[in-house]
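Student: Generate coordinates for the sequence data below:
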Amino acid sequence: RLLSMAKGNTLNADASALARQITLVSHYVFRSLPMVELVDRPKLSGGQLRRSAKSLRGFLSTTDSAFGSMREWHNHLSLKFVSEILCHDSKSHRARLLCLLVEVATQLLLSLQNYDSFMAVMGALADQSVFRLKRTWDFMEKHHSQHFRRYKELVKITESGARELQAIMETAMRLNDKPNVPFIGLILNSLVFLAEQPKYLSAPDASSALIIDFGRLRRRRELIDQVERSQQLPYMIELDETMLRIITEPSLFQNQDDSYERSLIVEPRQQQQRRRRGSFTTRSMNIL
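Tutor: Numbering: from 1, shown residues only. The predicted structure is shown next:
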């Protein structure tokens, strides 16, 4: 019954409208984030976000800090879209949702410059319970599949971080000619990197004296200024209460274990299918 109630909420949504409402909420949370919470890197509680929100204010008031609200909104989006994909028994419907989310990611990245929600959507598409759905992915339209592969490379995490996405995001923040929502994970990564750099440098005359590294302090100040300017530049987006209700309603699957269990139901492992057909071989067909 819950599955039948969940179906269709997002399937027929317009990608552009969906991306705009996601961005409206994301920027609302982002602009309320005091920089001191990022600079001081507070230890946040690991409590789960309560999924019984009846309004946007109720949805965001369940955490103990602005940073906590932004983190929980990001995680909610990922889990919400994973649930939306997995609630469908039809692979054609699941493939349509994959295509829709790729279009949403395109809008978030290129038109809206909402990098935090872009990463949340990519997180849903790359979630193990979704990524393992080989037959669903094979049913996608070719150009959507190509876009997804491109975005995967864009957010690829290396030892030095997601360098390509970071370069795009930093350019948008530096120009600040359009509203943007930076990916807070990359902002934190930059602040941590600067904080771990030596506070003092050796004097250029090779003496034993040490001098303050003002360059490190200047880069830190520039980053903070860029974030604060991004917070002040508003999006001119009209509130759509119907779409807002769709994206803030509780996820059908509350954790990765539940979603993975559902994933195995909609697309069982190939080994299990061969057993049922009476043609099982010892060669592993595990697609995970």
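
Student: Contacts only, for the residue most central in space within the chain.
Tutor: Centroid-nearest residue in the chain, with C-alpha atoms, centre = their mean: Ala120, separated by 1.2 Å. With contact taken as C-beta atoms under 8 Å, 6 or more residues apart in numbering, Ala120 is in contact with 74-75, 77-78. The way it works is simple: take the backbone N, C-alpha and C, and place the C-beta from them, glycine included.

Student: in the stretch 151-288 of the chain, what spans have low per-residue confidence?
Tutor: Applying pLDDT under 70 to the stretch 151-288 of the chain flags residues 157-161, 203-208, 271-288.

Student: how far away is the residue nearest to the centre of the chain from Glu261?
Tutor: Using C-beta to C-beta, to the nearest Å, Ala120 is found at 22 Å from Glu261.

Student: Asp213 now?
Tutor: Asp213 is 51 Å from Glu261, by C-beta to C-beta.

Student: How about Thr171?
Tutor: Thr171 sits 42 Å away from Glu261, taking C-beta to C-beta as the criterion.

Student: What is the neighbour count of His74?
Tutor: Applying other C-beta atoms under 10 Å, we find 20 residues neighbouring His74.

Student: my guess is it contacts Tyr115, does it?
Tutor: No - assessed by C-beta atoms under 8 Å, His74 is found out of contact with Tyr115, at 10.9 Å.

Student: Regarding stretch 229-240, how distant is the last residue from the first?
Tutor: Stretch 229-240 has an end-to-end distance of 26 Å (criterion: C-alpha to C-alpha, to the nearest Å).

Student: all helices for the stretch 51-200 of the chain, in order.
Tutor: 56-60, 66-86, 91-106, 115-125, 128-131, 134-138, 142-154, 163-175, 184-195 (DSSP state H, counting those that start in this stretch).
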